[in-house]
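Novice: Okay, here's the prediction I keep looking at, along with the sequence it came from:
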Amino acid sequence: MAARIQQSPQPGGGKRKGKAQYVQAKRARRWDGGGPRQLEPGIQGILITCNMNERKCVEEAYSLLNEYGDDMYGPEKQFADKDQQPSGSEGEDDDVEAALKKEVGDIKASTEMRLRRFQSVESGANNVVFIRTLGIEPEKLVHHILQDIYKTKKKKTRVILRMLPISGTCKAFLEDMKKYAETFLEPWFKAPNKGTFQIVYKSRNNSHMNREEVIKELAGIVGSLNSENKVDLTNPQYTVVVEIIKAVCCLSVVKDYMLFRKYNLQEVVKSAKDLSQLNPKQAVQTGNGKEAKLESGDKSSENDPAEGKNNQQVVPENSEELGPTESISETHLVNEGVSKPELASQVTEGSESNENDL
């Protein structure tokens, strides 16, 4: 026993590594995609919600995005081999400064070689996957996917629920969002461009942002870019998507948001007949043309695993199924089943809580 105890120390005389050190090393070896490892300001991508199976969701996302990405942009380009890059002369190798610059350049080149067109990063929320994109336009790619699925009615995913393009990200603080949105929204709303719009808002793992303030400020920015931009809750030309996760705000402007069932891949494959028979008690249409309100007792809105606690609901976005709506001034905000008038209700909020019931 004494001999065995004496042989336990490491040959080098050092202490044994703890479990945490091995775990960190394993994670470092597993990450070979280059670029950021988690959602952060300054990147573009696609935000995907799923139903309790994030690993399967990532696999489906890669398969679907690569299929349509190759169709739109051609096969993914392969970066040149590191050995084919021009090497410096012997004189530069002798110069310490030049050698250092060369080494930094080689590191950057090797990182670029590892960057892929689509790369999953940590989103910071449960049941949410974020796929960082490189060299493509997320809104055009996602619109192309949904347009094809809408026409063919062919179901291509099992666990993916919604697929939202994210064209820009910034810090999730009101002043940062206002400054960023003033430039970000120009291509769609700055004169001479104009259009009808709505704003959908969702917050996850964030408690310091105020929904009404965000919607009011963004709506004001859209109006300041062109006074002819008008709110339309029934069938807007553009939908401004605001997704906040922790301290990151994700923004995008999408088309056909109502037609493609809030960009829900599970719902867009269904026919109008299937949707009308799905859950007739979900919404009630009044005879005087007022917008139907979501039932506060809808159990599906309580059990949706892809939902965050901060979600608030507005009159349903599936108004194309319910007929024409009334004027904007009569729209009511619904917060956890309690109806009250709000100025910010002129731009509707997106709610995922009933995405499986539409």
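Specialist: Arrived safely, thanks for sending.
Novice: helices and strands of the protein: which one bottoms out on pLDDT?
Specialist: strand 333-335 (a mean of 35; mean pLDDT, DSSP states H and E).
Novice: Okay, residue 231 and residue 199: tell me how far apart.
Specialist: According to CB to CB, to the nearest Å, residue 231 stands 9 Å off from residue 199. Quick note: C-beta positions are derived from backbone N, CA and C, even for glycine.
Novice: Counting neighbours, go ahead and name the busier of these two.
Specialist: Taking other CB atoms under 10 Å, residue 231 and residue 199 do not tie; residue 199 has more neighbours (23 against 18).
Novice: Doesn't that one lie inside a strand?
Specialist: Yes: according to DSSP: H, G, I helix; E, B strand; the rest coil, residue 199 belongs to a strand.
Novice: and it, what are its bridge partners?
Specialist: Taking DSSP bridges, one obtains residue 240 as the residues bridged to residue 199.
Novice: That one touches residue 219, doesn't it?
Specialist: Yes: Residue 199 lies in contact with residue 219 (CB atoms under 8 Å); the separation is 6.3 Å.
Novice: can you count the residues close to residue 269?
Specialist: By other CB under 10 Å, 17 other residues sit near residue 269.
Novice: Just list the residues touching it, thanks.
Specialist: 149-150, 153-155 (CB atoms under 8 Å, 6 or more residues apart in numbering).
Novice: Need the three-state assignment for it.
Specialist: Secondary structure assignment for residue 269 (three-state DSSP): coil.
Novice: next one: residue 170
Specialist: strand.
Novice: For the nearest residue to it once chain neighbours are set aside, give me its contacts.
Specialist: The shortest distance from residue 170 to any non-neighbouring residue, by CB to CB, 6 or more residues apart in numbering, is to residue 180 (4.0 Å). Neighbouring residues of residue 180 by CB under 8 Å, 6+ apart: 168, 170, 249, 251.
Novice: Next one: residue 231 from residue 181, what distance?
Specialist: As for residue 231, its distance to residue 181 is 16 Å (criterion: CB to CB).
Novice: For the spatially closest residue to residue 182 that is not a sequence neighbour, pull up the helix or strand it's in.
Specialist: Nearest-residue entry for residue 182: residue 221, 5.8 Å, with adjacent residues in sequence omitted and distances by CB to CB, 6+ apart. Taking DSSP states H and E as the criterion, the element that holds residue 221 is helix 211-225.
Novice: what residues does stretch 126-135 touch?
Specialist: Residues contacting stretch 126-135 (CB under 8 Å, 6+ apart): 35-36, 39, 43-52, 54, 57-58, 61-62, 65, 73, 115-123, 141, 166, 204, 245, 305-306.
Novice: Could you pick out the buried ones from these?
Specialist: 39, 43-51, 54, 57-58, 61-62, 65, 116-121, 123, 141, 166, 204, 245, 306 (16 or more other CB atoms under 10 Å).
Novice: And the contacts of residue 269, which is closest to residue 215?
Specialist: The closest of the contacts of residue 269 to residue 215 turns out to be residue 150 (CB to CB; 28.0 Å).
Novice: and the next element down the chain from the one helix or strand that closest one maps to?
Specialist: Here residue 150, judged by DSSP H and E, is contained in helix 138-152. Going down the chain from helix 138-152, the next helix or strand is strand 160-166, by DSSP H and E.
Novice: Let me see the contact set for residue 251.
Specialist: Residue 251 makes contact with 166-170, 180-181, 184, 240-243 under the criterion CB under 8 Å, 6+ apart.
Novice: By neighbours, which of the residues you listed wins?
Specialist: Within the contacts of residue 251, neighbour counts (other CB under 10 Å) peak at residue 240, which reaches 27 neighbours.
Novice: wait, that residue sits on residue 221?
Specialist: No: Residue 240 lies out of contact with residue 221 (CB under 8 Å); the separation is 9.7 Å.
Novice: and for these two, which residues touch both?
Specialist: By CB under 8 Å, 6+ apart, the residues touching both residue 240 and residue 221 are residue 185.
Novice: sorry, back to before: can you check the pLDDT for the residue nearest to residue 170?
Specialist: With respect to pLDDT, residue 180 scores 97.
Novice: Report the secondary structure state of it.
Specialist: Per three-state DSSP, the local secondary structure of residue 180 is helix.
Novice: beta partners of residue 264?
Specialist: The bridge-partner assignment for residue 264, based on DSSP bridges, gives residue 162.
Novice: and the residue lying closest to residue 266 once chain neighbours are set aside, how many neighbours does it have?
Specialist: Computed as CB to CB, 6+ apart, the closest residue to residue 266 that is not its neighbour in sequence is residue 161, at 6.0 Å. Residue 161 is flanked by 23 other residues according to other CB under 10 Å.
Novice: so how far is residue 173 from residue 161?
Specialist: Noted for residue 161: a distance of 28 Å to residue 173, by CB to CB.
Novice: Report pLDDT for the residue nearest to residue 266.
Specialist: pLDDT, read off for residue 161, is 96.
Novice: Kind regards, and thank you for your time.
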